[in-house]
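J.: Need the 3D shape of this:
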Amino acid sequence: MYPLQLTALAPQLRISFGTNIQIDSIREGSDVYMECHVKANPPVKEVVWLHEDRPIHSLMSGDPNMLPDDPTLPTLSSSSSLSMAIGSTVIMTNQSLVIQKVHRSHRGRYQCVAFNEQVAPSCKPGQKLQYGVSRNEQIRIRCEVDAEPSTDLTFRWTLNTSGSGETSVEWASFTVNATTSIATYRPESSLDYGTLSCLAQNSIGIQNKPCIYSVVPAETLYSNT
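T.: Below you'll find the model as predicted:
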């Protein structure tokens, strides 16, 4: 079996006009096509278009303006800022926005917002998992996780050595920077070698499996290489 590497990626967005549209040549009555290009993992489950920071729905000429009821969407108000002009049509399909027979009321700033599945933290692949260190030498053990959302992460470290009676004890000497936590550790005797485990938590939940780092005598590590 081959290891499966998973990376959580918040949506990265870019808007482009249709290939045949020249921005400088757009006039009242023209048809305008915009595409929202999204890069995300897991894949996005929803794309919302905004006009002047307000969400819009597909609107046909003469229909009342409609807004989604989802309270998580930004800047909701009692009416859409994308006012309808007689003969105009606004169509959204997948990640595209089409305005047929554009009107001066359609001027302004357009954005797309994408939402993907949110996930609890997991160990980032490719990390250094074994550290060789001499007695009384201080090391810095780096723990990196993938998470979405990746803000306001909290970390917990535990130490497991023969000196601790093979039971895990809380380890408080660490720092946190975004999705990375760094623990400092100094083995003072042969009983201080063992493992340090790192667990992260975000608003979705706590990490299912900890990231585990082995601390071994330097001569042991080097003799095995």
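
J.: Check S134 and give its pLDDT.
T.: Looking at S134, its pLDDT is 92.

J.: Spit out the contact partners of the residue lying closest to it once chain neighbours are set aside.
T.: Distances taken as Cβ to Cβ, 6 or more residues apart in numbering put A218 closest to S134, at 4.8 Å, once the chain neighbours are dropped. Using the backbone N, CA and C atoms, a C-beta is placed for each residue, glycine as well. Contacts for A218 (Cβ atoms under 8 Å, 6 or more residues apart in numbering) come out as G132, V133, S134, E137.

J.: same thing but at 6 Å, please
T.: G132, V133, S134 (Cβ atoms under 6 Å, 6 or more residues apart in numbering).

J.: which one of the residues you listed is nearest R186?
T.: V133 (8.1 Å; Cβ to Cβ).

J.: Measure how buried the closest one is and give me the count.
T.: 19 (other Cβ atoms under 10 Å).

J.: Equivalent analysis for R156, please.
T.: Based on other Cβ under 10 Å, the number of other residues close to R156 is 17.

J.: Now it: closest residue in space that isn't a chain neighbour?
T.: L199 (4.7 Å).

J.: What strand or helix carries that neighbour?
T.: strand 194-201 (DSSP states H and E).

J.: likewise E35?
T.: Per DSSP H and E: strand 32-41 holds E35.

J.: what residue ranges in the protein score low on pLDDT?
T.: When residues are selected by pLDDT under 70, those of the chain lie in 1-11, 21-23, 41-42, 57-87, 116-117, 163-168, 220-225.

J.: ranges for the helices of it?
T.: Using DSSP state H, the helices of the chain run over residues 218-223.

J.: mind giving me the domain ranges of it?
T.: Domain assignment for the chain, taken from automatic domain parsing, gives 9-116, 119-223.

J.: Distance-wise, check S96 relative to M34.
T.: 7 Å (Cβ to Cβ, to the nearest Å).

J.: ok, those two, which is more surrounded?
T.: M34 (18 against 15).
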